[in-house]
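Visitor: Fold the following and give me the result.
(one chain, ligands or ions: 1)
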Amino acid sequence: MNTSIALLPAGSVSDEAAKKLFGNEKVTWNHHRLIADVFLSTVNNVSQYSIIPIENTIEGSVSLHMDWLVHEVDLPIQAEWVYPSIQNLIGRRSELTGADGELDLSKIKKVFSHPVAIAQCLQFLRAEMPQAEKETVGSTSEGVRIVRDNPENGWAAIGTATAAANQQLDVLASEITDHNNNFTRFLLVGNEPFTARESATRKTSILITLPDDFPGALHRVLSAFAWRKINLSKIESRPTKRQLGTYYFYIDIDMALDTVLLPSALEEIEALGCQVRILGSYPSFTYEQLS
Ligand SMILES: O=C(O)C(=O)Cc1ccccc1
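Guide: Sure thing, here's the model as predicted:
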């Protein structure tokens with residue numbers, strides 16, 4: 001049977017990244033306009049896995065997606081990998097040329113894209129088309145589709161060169177992100193382990209909620225990892241959504257859950273009165289590993 005995978009629409013960064021992870025595997029792609037539906041497809045057993053962009057070099061964590069992962073669903077992380085986010089300005093050149101026949105970006109009235117893609121290109125937009133309104137949509141490819149369906153409005157989108165080609169639009173400016181070396185970290189979530197590829201690197205993601213009124217609790221949590229020489233690659237606090245000023249900590253650990261020292265570290269943390277939720281223990285792939 002084919003593996004079925006829910007993800008954002010064809011031509012999105014997620015779509016390109018997904019093809020990199022799955023290579024020549026036989027896969028059925030279930031595309032959705034909204035990330036909520038990408039998650040729900042696996043929750044409802046329509047897909048085996050969902051593909052979630054979770055963090056970006058420029059923008060940091062994608063809060064909406066983190067919130068879905070933590071609060072709305074209970075889908076273990078089965079793999080993570082990184083993929084470059086190369087963004088382009090896309091539209092109809094014929095609609096945006098001046099009397100001299102040159103491309104005139106001051107004719108652009110509105111730019112559509114995913115909020116993370118807009119955030120990656122803010123300086124470019126400010127310098128090149130300060131007049132343009134920005135409108136966020138569910139994915140970069142959705143923005144490109146809207147521009148395709150609405151000619152003669154002076155609209156443009158930020159998206160992949162694949163989306164521009166798919167929708168027969170022009171790349172007006174390529175590689176427009178404000179910083180080079182811009183990568184996005186993707187998660188594969190679902191109930192089945194990912195076995196299509198092997199990686200020597202494994203990671204474990206956990207959520208920790210500290211007990212109330214325990215001065216130094218975070219210090220004690222961190223020292224449970226520190227004295228065992230367990231490396232953490234990320235720690236981020238996010239609101240619990242229950243009361244203003246209460247947080248949980250999202251922690252990525254550079255180690256598989258069954259590595260000797262990790263279970264005892266987590267036991268020590270629970271003994272402090274912390275709640276520990278395991279989000280997954282999974283292989284991690286660099287871009288080079290997938291190329
Ligand atoms: O909208 C897309 O193309 C996505 O896959 C989400 C996204 C947007 C910007 C950078 C990385 C992922």
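
Visitor: any idea how far the ligand is from Asp254?
Guide: Relative to the ligand, Asp254 is positioned 23 Å away (C-beta to the nearest ligand atom, to the nearest Å). In this view, the C-beta of every residue, glycine as well, is placed from N, C-alpha and C.

Visitor: quick one, phi/psi of that residue?
Guide: The phi/psi pair for Asp254 (degrees, to the nearest 10) reads phi -80, psi 60.

Visitor: I'd like to know how many residues surround it.
Guide: A total of 15 residues lie near Asp254 under the criterion other C-beta atoms under 10 Å.

Visitor: Likewise for Ile158?
Guide: Residues near Ile158, counting by other C-beta under 10 Å: 26.

Visitor: Next: Gln243.
Guide: Neighbours of Gln243 using other C-beta under 10 Å come to 8.

Visitor: Give me the distance between it and Asp212.
Guide: 10 Å (C-beta to C-beta, to the nearest Å).

Visitor: tell me which element Gln123 falls in.
Guide: Element membership for Gln123 (DSSP states H and E) is helix 122-128.

Visitor: Flag every buried residue along that helix.
Guide: By neighbour count with 16 or more other C-beta atoms under 10 Å, helix 122-128 contains the buried residues 124-125, 128.

Visitor: Just the CA atoms of that helix, as CSV, please.
Guide: Taking Å, rounded to 0.1, in the frame of the first residue of the first chain, the C-alpha atoms of helix 122-128 are listed here in CSV:
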residue,chain,number,x,y,z
LEU,A,122,10.4,42.2,4.9
GLN,A,123,13.5,44.2,4.1
PHE,A,124,13.2,43.4,0.4
LEU,A,125,9.5,44.4,0.4
ARG,A,126,10.2,47.6,2.3
ALA,A,127,13.0,48.6,0.0
GLU,A,128,11.5,47.6,-3.4
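
Visitor: Which strands border the longest strand belonging to the chain, and is each parallel or antiparallel?
Guide: In the chain, assigned by DSSP state E, the strand with the most residues is strand 275-285. Applying DSSP bridges to the sheet, strand 275-285 is found paired with strand 77-84 (parallel), strand 202-209 (antiparallel).

Visitor: quick one: contacts of the last one?
Guide: So the one you mean is strand 202-209. Strand 202-209 has contacts (C-beta atoms under 8 Å, 6 or more residues apart in numbering) with 70, 77, 80, 221, 233, 240, 248-257, 262, 266, 269, 274-284.

Visitor: Make a ChimeraX selection of the buried ones in those.
Guide: With 16+ other C-beta under 10 Å as the criterion, this ChimeraX line picks the buried residues out of the contacts of strand 202-209:
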select :70,77,80,221,248,249,250,251,252,253,255,257,262,266,269,274,279,280,281,282,283,284
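
Visitor: Render the CA-only coordinates of the longest strand of the chain in CSV, please.
Guide: Output of strand 275-285 as CSV, limited to C-alpha atoms (Å, rounded to 0.1, in the frame of the first residue of the first chain):
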residue,chain,number,x,y,z
GLN,A,275,5.1,17.2,34.1
VAL,A,276,6.9,15.6,31.2
ARG,A,277,5.3,14.9,27.9
ILE,A,278,7.2,13.1,25.2
LEU,A,279,6.5,14.5,21.7
GLY,A,280,8.6,11.9,19.9
SER,A,281,12.0,10.3,19.5
TYR,A,282,13.0,10.2,15.9
PRO,A,283,15.7,10.3,13.2
SER,A,284,17.0,13.7,12.2
PHE,A,285,18.3,14.4,8.7
